[in-house]
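> Predicted model follows, preceded by the sequence.
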Amino acid sequence: MIAGFLFKEYEVNERGVVTGYKIIFNGEQIATMEYRNDCWIGAVTKDIKIMTKLDSSVMRVADWIINESV
């Protein structure tokens, strides 16, 4: 958990490595993060838009999701 955000694993590859997270805040899913093609992809719904960020760093994507969600 980071600053009240729960990163719940929902996808694991064949080697047992987590490749997908649901991000929960106040009991509600507010974003997702998935690892694809050597990059982490974050997606946040804001108003009526879906915003995404691609980065090789899981922490930069997690920070972006937190900053976009507060």
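Yep, it's here. Predicted model, so just to flag it, every value in this text is computed and none were measured.
> where does the protein have low pLDDT?
1-2 (pLDDT under 70).
> Which residue ranges of it form helices?
Along the chain, counting by DSSP state H, helices occupy 58-69.
> What segments of it are strands?
Shown for the chain, the strands assigned by DSSP state E span residues 5-12, 18-25, 28-36, 39-46, 49-55.
> Could I get those in CSV, plus columns for mean neighbour count and distance to residue 65?
Heads up, the C-betas are built off the backbone N, CA and C, glycines and all. Output for those, formatted as CSV (neighbours: other CB atoms under 10 Å; distance: least, CB to CB, whole Å):
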stretch, mean neighbour count, distance to residue 65
strand 5-12, 14, 8
strand 18-25, 17, 6
strand 28-36, 17, 5
strand 39-46, 17, 5
strand 49-55, 12, 8
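> Those strands: which one's closest to residue 66?
strand 5-12 (5.9 Å; CB to CB).
> quick one on the thing from earlier: how about the strands of the chain in a markdown table, adding distance to residue 62?
Putting the strands of the chain into a markdown table (distance: least, CB to CB, whole Å) gives the following:
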| stretch | distance to residue 62 |
| --- | --- |
| strand 5-12 | 7 |
| strand 18-25 | 8 |
| strand 28-36 | 7 |
| strand 39-46 | 7 |
| strand 49-55 | 10 |
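> Among the ones you listed, which comes closest to residue 69?
strand 28-36 (5.2 Å).
> how big is the angle separating that closest one from strand 49-55?
40 degrees (axes from the mean of the first three to the mean of the last three CA atoms, to 10 degrees).
> Could you export strand 28-36 as CSV, CA atoms only?
Provided in CSV are the C-alpha atoms of strand 28-36 (Å, rounded to 0.1, in the frame of the first residue of the first chain):
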residue,chain,number,x,y,z
GLU,A,28,-12.9,1.7,-5.4
GLN,A,29,-10.8,0.7,-8.4
ILE,A,30,-9.3,3.9,-9.8
ALA,A,31,-6.6,2.6,-12.2
THR,A,32,-4.7,-0.3,-13.6
MET,A,33,-1.1,-1.1,-14.3
GLU,A,34,0.2,-3.8,-16.6
TYR,A,35,3.6,-4.9,-17.8
ARG,A,36,3.7,-5.4,-21.6
